[in-house]
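> could you look at this predicted model? Sequence included:
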Amino acid sequence: MYQAIGIIELKSIAQGVEATDAALKSAGVQLISAHAACPGKFEIILTGAIADVTAAVEHVTGRFDQKLIDSSIMGRIDPAVVAAMFGTQAAPKTGSLGVIETFSAASAIKAADIAVKTAKVEIFELRTSRGMGGKGIVLIVGDVGDVSAAVEAGARHAKDQSMLAYTTVIAAPHKELWDQI
């Protein structure tokens with residue numbers, strides 16, 4: 001069970017490896033993932049008690065601030081977001097479709113968490129960094145009113161962090177679109 005999640009994105013792969021080691025040594029956290037991401041970024045995702053995750057993220061962001069792209073700490077992350085991070089969610093290809101596109105993985109994950117906590121929606125897909133130029137994208141489904149509210153709430157966080165690229169809500173996606181995404 002994930003108590004809290006910390007996400008750190010850096011501009012350097014080498015310093016990302018070093019930062020991962022520093023995070024793990026600074027507090028009682030566990031590593032979910034640490035990997036290079038497009039374009040030449042490094043993404044770290046940690047879990048543990050909120051105090052430990054906060055300490056680790058603050059240690060790394062303070063020490064590597066010149067290479068920091070984005071970071072986020074989330075306590076009580078929605079289980080649907082964790083499932084989506086690992087590609088194990090099973091949302092239906094029905095209803096309305098909302099998309100939140102961000103300039104970082106951390107902002108996409110936070111936007112997804114806010115979206116599912118705001119309205120009755122499901123995460124259709126959550127993609128971060130790899131193969132997308134370092135961007136993050138959240139696709140959510142549900143009734144059009146819920147999807148609109150969830151997209152607006154999730155996007156607000158990304159916009160406040162200057163990490164919002166674009167949003168859209170499609171009330172009734174075409175069947176061929178559903179087949180391709």
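Ah, there it is.
> give me the helices and strands touching the strand or helix carrying residue 5, please.
Using DSSP states H and E, residue 5 falls within strand 4-10. The contact analysis (3 or more C-beta pairs under 8 Å, 6 or more residues apart in numbering; DSSP states H and E) places strand 4-10 against helix 13-26, strand 41-48, helix 50-63, strand 68-75, helix 105-118. (Each C-beta comes from the backbone N, C-alpha and C, glycine too.)
> using the three-state scheme, assign the closest residue to residue 148 other than its chain neighbours.
Excluding the flanking residues, the one nearest residue 148 by C-beta to C-beta, 6 or more residues apart in numbering is residue 169, at 5.2 Å. Under DSSP: H, G, I helix; E, B strand; the rest coil, residue 169 falls in the strand class.
> measure residue 169 to residue 116 for me?
Residue 169 sits 15 Å away from residue 116, going by C-beta to C-beta, to the nearest Å.
> just residue 180 next, same as before
Distance from residue 180 to residue 116, by C-beta to C-beta: 24 Å.
> again with residue 85
12 Å.
> just the pLDDT for the residue nearest to residue 148.
pLDDT, residue 169: 97.
> isn't it up against residue 151?
Yes - look at residue 169 against residue 151 with C-beta atoms under 8 Å: they come within range, at 5.6 Å.
> which neighbours do those two share?
98, 99 (C-beta atoms under 8 Å, 6 or more residues apart in numbering).
> neighbour count: those two, which is higher?
Between residue 169 and residue 151, residue 151 has the larger neighbour count (other C-beta atoms under 10 Å), namely 25 against 18.
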